[in-house]
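Peer 1: pasting the sequence and the predicted coordinates here, then a few questions.
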Amino acid sequence: MSINLRGAIMANIQGSSEQEVEATIVDALEKGEEKMLPGLGILFEVYWKEANESQREELCQQISQGLQ
């Protein structure tokens, strides 16, 4: 049996408002559950695909600084 996790997550979050996206992120971070990581990864993928080069560079800088 093959499960398309990416497709299932996208179907679940499709059409979410800004407030719903924020609530999803905050909930995932506050709970710290491993099962939430794929969903955060999909949200990151959506952001990355929509971001311009400058936004991508800034994000990478912020992540890099956070890892110091």
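Peer 2: Now that the structure is in, tell me what you want to look at. Residues are numbered from 1 along each chain as shown.
Peer 1: report the contact partners of the residue positioned nearest the centre of the chain.
Peer 2: For the chain, the residue sitting closest to the mean C-alpha position, by C-alpha atoms, centre = their mean, is L43 at 2.5 Å. Counting by C-beta atoms under 8 Å, 6 or more residues apart in numbering, L43 touches I13, V21, T24, I25. Using the backbone N, CA and C atoms, a C-beta is placed for each residue, glycine as well.
Peer 1: could you redo the last one with a cut-off of 7 Å?
Peer 2: For L43, the contact set (C-beta atoms under 7 Å, 6 or more residues apart in numbering) comprises V21, I25.
Peer 1: this protein: helices as residue ranges?
Peer 2: Using DSSP state H, the helices of the chain run over 5-13, 18-31, 37-50, 53-66.
Peer 1: now mean pLDDT too, for the ones you listed, in JSON lines please.
Peer 2: Formatted as JSON lines, the helices of the chain follow (pLDDT from 0 to 100):
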{"stretch": "helix 5-13", "mean pLDDT": "92"}
{"stretch": "helix 18-31", "mean pLDDT": "95"}
{"stretch": "helix 37-50", "mean pLDDT": "95"}
{"stretch": "helix 53-66", "mean pLDDT": "97"}
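Peer 1: got a list of what L5 touches?
Peer 2: P38.
Peer 1: distance of it from P38?
Peer 2: Look at L5 and P38: by C-beta to C-beta, to the nearest Å, they are 6 Å apart.
Peer 1: and if you look at Q14?
Peer 2: With C-beta to C-beta as the criterion, Q14 and P38 are 16 Å apart.
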